[in-house]
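Student: What follows is a predicted structure for the sequence shown.
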Amino acid sequence: MLLEYIKEVLSASYERAKGGSEVIEIIIALLVFFIPKLLKKCESGEKQSQQPTRHVLLKKFMTDDSWRFVVVLITLFVFEVLFVAPYQVYSQLKVEIDKTKKNEISVQWQPPDISLEVSQFVFYTGGRFEREDTGPMYVGKPSYLNIQEVKSNGGIANITISSSSGNYSVEMQLFKNKFYVNADIPTQTKPIRIRAGESGPLPDGWDWNSDATTFEIVDDQDQAVFQIMYGKYNNTNSVWIKGAIQIGGQVLILAANNVNTVEPHGFFKPSETELVTIFEYPSNIRRGVKVTK
């Protein structure tokens, strides 16, 4: 009975160890192989010597190298369970934490499909919407794109944005019925280059969040730096861009008061965008969840 019970316990332990630590798996496999054989020897020895099992075990331990090997295995097993396995778990967690610290987060977002029933696309840069009796009214200077003309131009269109120091352009890309905003978003170092809804790694602590129609990038203080909203306040194809865009060594800030300003990249501070953060963060556990107003 004892032999069968030990076999069951060791077999169960071996099954639980599969897929975990290879050392533990090997040790238990060896124990599964050796202990039943040694106990069987002890049972036969007990019958022959008429001594209790514990006496036979002690005698075997003193004279049989196999028992010493089993004790070594058990010692290794205890060491692995108490020290090595927890360290492996710690190491894996540390790798995940280091990834978070390094912020290996990249933009991966797709805008909604455009409506093929509407011939033009409206492009809002900065400005604001005010409520009127007839509905929300955009205060600013929108740009209009003819969808067929954009398609005939290889899906690329440049939008001109006026500022206090001249005109700048932002590239729009039409691909598979989606209008992408291709822009460089300023940071304290190199800009975040967004092309066709994708980017390289964001700076440490920076993040992005989105839902089906809205996209946002925030800095390490959760201050919104850049926002895109599709189909905002109207039923036509449209996109509203707010925040900061880097063009060369200059940063263009799309202001709500329509006085778009430009300053050298080295002087840019995310708080200058005066944007109100739309989503909750961190995005890995709050994806698509908007801030409750």
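Tutor: The structure has been received and is ready for your questions. Nothing here was measured: the structure is a model prediction, and the numbers come from that model.

Student: residue ranges with poor pLDDT in the stretch 151-293 of the chain?
Tutor: 232-236 (pLDDT under 70).

Student: show me where it has helices.
Tutor: Remark: helices assigned in the stretch 151-293 of the chain by DSSP state H, counting those that start in this stretch are 283-286.

Student: which residues in it form strands?
Tutor: 156-163, 166-175, 178-185, 192-194, 198-201, 207-210, 214-218, 224-230, 237-247, 250-254, 261-264 (DSSP state E, counting those that start in this stretch).

Student: Dump those into a markdown table; add distance to G126 and mean neighbour count as well.
Tutor: In short, each C-beta sits where N, CA and C put it, glycine included. Shown next, in a markdown table, are the strands of the stretch 151-293 of the chain (distance: least, Cβ to Cβ, whole Å; neighbours: other Cβ atoms under 10 Å):
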| stretch | distance to G126 | mean neighbour count |
| --- | --- | --- |
| strand 156-163 | 8 | 17 |
| strand 166-175 | 11 | 15 |
| strand 178-185 | 13 | 20 |
| strand 192-194 | 18 | 20 |
| strand 198-201 | 22 | 15 |
| strand 207-210 | 20 | 22 |
| strand 214-218 | 15 | 24 |
| strand 224-230 | 11 | 22 |
| strand 237-247 | 6 | 23 |
| strand 250-254 | 3 | 22 |
| strand 261-264 | 10 | 14 |
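
Student: Can you give me every residue that contacts the nearest residue to G127 once chain neighbours are set aside?
Tutor: Counting by Cβ to Cβ, 6 or more residues apart in numbering, G140 is the residue found nearest to G127 once chain neighbours are left out, at 2.4 Å. When contacts are counted by Cβ atoms under 8 Å, 6 or more residues apart in numbering, G140 is found next to 124-128, 258.

Student: Now G140: phi and psi?
Tutor: Dihedral pair for G140: phi 160, psi -170, per degrees, to the nearest 10.

Student: got a pLDDT number for it?
Tutor: In this model, G140 is scored at 76, pLDDT.

Student: What's the separation between it and V259?
Tutor: Separation of G140 from V259 (Cβ to Cβ, to the nearest Å): 11 Å.

Student: Residues that sit against both of those two, list them.
Tutor: With Cβ under 8 Å, 6+ apart, G140 and V259 have no common neighbours.

Student: I'd assumed V107 was in contact with P201.
Tutor: No. Using Cβ atoms under 8 Å, P201 makes no contact with V107, being 9.6 Å away.
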